[in-house]
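Colleague: Pasting the sequence and the predicted coordinates here, then a few questions.
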Amino acid sequence: MTILTPILILSALTFILGLCILLASKKFHVKSDPLIDTVILMLPGANCGACGYPGCAQFAEILVKTRDTSKICPVGGNDLSYELGRILGIKMDDAKPLSCIVLCNGNKTTTKFLADYKGIHDCWAVKEILPSVKQCAYGCVGLGSCVEACKYDALKIVDGLIKVIEENCVGCGVCIGKCPQHVLKLTEKKVKKYHVACSSVDKGAITRKYCTNGCIGCMLCVKACKFDAVKVENFCAIIDDSKCVNCGLCAKVCPVKCIHLTEYAMASKKIAVKKTDDNCGGCEMPCSVKGLGEDGTLGY
């Protein structure tokens, strides 16, 4: 009896507490909109914040509640916007495709190094003890913290410098916050894209000493541009995308070749849609979504 009594008391307390939790869950249960769950399934699931919200779930909830046509998912692109519009009965705004560019051109052969770093293979770890492993305090550290963060295999380290694999980059922007040097930038994709692969703010003579590929602020690109699209700020050239017509004159006159051209394949990936109901006629009207198929396609 000495052992049995406390066991019975604990069992009774457990039952009572469990009953209280059950009643509370029934009392305060909030019904979720099944359409929100549907939209979450349609989203890429990157939780990157490119849409302006912390994650895909928050974006889906706001989109379903507001039906705001301007709220788009840059990662999903126009195909996803079209499908979301069908489900919600609205016409979504076009999603401007984004991609990441590198504002540095200092690799192992063109830039000088401060030290032969042998510590933790992490860019942030280097910043705890050195401005950078390179003499340029503004360039890519080259240890790949951004590579670890990328979910799409769109970044790699080549010759001590980060490179973007354009066909894999979806413009989620997760890598940007992982770079202590801020040499990664999101930019709108165009068929042709010129950008200055340098972020140094040192005078040209100083930049030239530690990196032969660094911008020296010579102003030749500014003089060559006929559209007022190039300017030099803090001894480094900047290209205004809204004015640039991709003529390439600035790149031709750049003596250090730090103005780069990227040519994008603008065809977006299609979202495969399959019917889950034999009675579906494949109309263009919004209908209830039944979720994702086994192959990951959307079912209507």
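Modeller: The structure has been received and is ready for your questions.

Colleague: where along this protein do the strands fall?
Modeller: Ranges of strands within the chain are 98-102, 155-158, 161-164, 184-188, 192-196, 230-233, 236-239, 259-263, 273-274, 291-292, 298-299, based on DSSP state E.

Colleague: Which one of those lies nearest to residue 247?
Modeller: Residue 247 sits nearest to strand 192-196 of all the strands of the chain, at 8.9 Å, using Cβ to Cβ. C-beta coordinates here come from the backbone N, C-alpha and C atoms, glycine included.

Colleague: How many residues are close by residue 144?
Modeller: 18 (other Cβ atoms under 10 Å).

Colleague: And for residue 167?
Modeller: Neighbours of residue 167 (other Cβ under 10 Å): 10.

Colleague: Could you do residue 137 as well?
Modeller: 14.

Colleague: Can you check the pLDDT for the nearest residue to it once chain neighbours are set aside?
Modeller: Using Cβ to Cβ, 6 or more residues apart in numbering and skipping the chain neighbours, the partner closest in space to residue 137 is residue 131 (4.1 Å). Looking at residue 131, its pLDDT is 83.

Colleague: try the one 10 residues further on
Modeller: Each residue has a pLDDT score; the one for residue 141 is 92.

Colleague: That one: what's it in contact with?
Modeller: 123, 126-127, 132-134, 180-181 (Cβ atoms under 8 Å, 6 or more residues apart in numbering).

Colleague: Which of the residues you listed are buried, as a ChimeraX select command?
Modeller: Under the burial definition 16 or more other Cβ atoms under 10 Å, those of the contacts of residue 141 that qualify are selected in ChimeraX by:
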select :123,126,132,133,134,180,181
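
Colleague: Tabulate the contacts of residue 141 (TSV), appending distance to residue 140.
Modeller: Formatted as TSV, those follow (distance: Cβ to Cβ, whole Å):
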residue	distance to residue 140
123	8
126	11
127	12
132	8
133	10
134	8
180	10
181	6
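
Colleague: thinking again about what came up before, in TSV, list the strands of the chain along with mean neighbour count, mean pLDDT and distance to residue 142.
Modeller: Conversion of the strands of the chain to TSV gives the following (neighbours: other Cβ atoms under 10 Å; pLDDT from 0 to 100; distance: least, Cβ to Cβ, whole Å):
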stretch	mean neighbour count	mean pLDDT	distance to residue 142
strand 98-102	21	91	11
strand 155-158	16	94	6
strand 161-164	21	94	6
strand 184-188	16	90	13
strand 192-196	20	92	19
strand 230-233	16	96	25
strand 236-239	20	95	20
strand 259-263	16	91	18
strand 273-274	12	38	42
strand 291-292	12	40	39
strand 298-299	18	40	40
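
Colleague: Out of those strands, the one nearest residue 212 is which?
Modeller: Proximity to residue 212 (Cβ to Cβ) singles out strand 161-164 among the strands of the chain, at 13.4 Å.

Colleague: Which elements pack onto the closest one?
Modeller: strand 98-102, strand 155-158 (3 or more Cβ pairs under 8 Å, 6 or more residues apart in numbering; DSSP states H and E).

Colleague: The last one pairs with which strands, parallel or anti?
Modeller: Taking DSSP bridges as the criterion, strand 155-158 pairs within the sheet with strand 161-164 (antiparallel).

Colleague: Run through who's touching the strand it pairs with.
Modeller: 99-102, 104-108, 140, 142, 144, 146-147, 154-157, 183-184.

Colleague: at 10 Å instead, please
Modeller: 99-102, 104-111, 123, 134, 139-147, 150, 154-157, 175, 179, 181, 183-184, 197, 213, 262 (Cβ atoms under 10 Å, 6 or more residues apart in numbering).

Colleague: ranges for the helices of the stretch 51-200 of the chain?
Modeller: Using DSSP state H, counting those that start in this stretch, the helices of the stretch 51-200 of the chain run over residues 56-66, 77-88, 123-127, 145-149.

Colleague: Show the average pLDDT along the third one.
Modeller: When the per-residue pLDDT values of helix 123-127 are averaged, the result is 90.

Colleague: which strands and helices sit next to it?
Modeller: For helix 123-127, the elements it packs on are helix 145-149, judged by 3 or more Cβ pairs under 10 Å, 6 or more residues apart in numbering; DSSP states H and E.

Colleague: Now the helix it packs on - C-alpha only, CSV.
Modeller: What follows is helix 145-149 as a C-alpha-only set of coordinates in CSV (Å, rounded to 0.1, in the frame of the first residue of the first chain):
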residue,chain,number,x,y,z
SER,A,145,30.4,30.4,-45.6
CYS,A,146,27.9,31.4,-48.3
VAL,A,147,28.4,28.1,-50.1
GLU,A,148,27.3,26.2,-46.9
ALA,A,149,24.2,28.4,-46.7
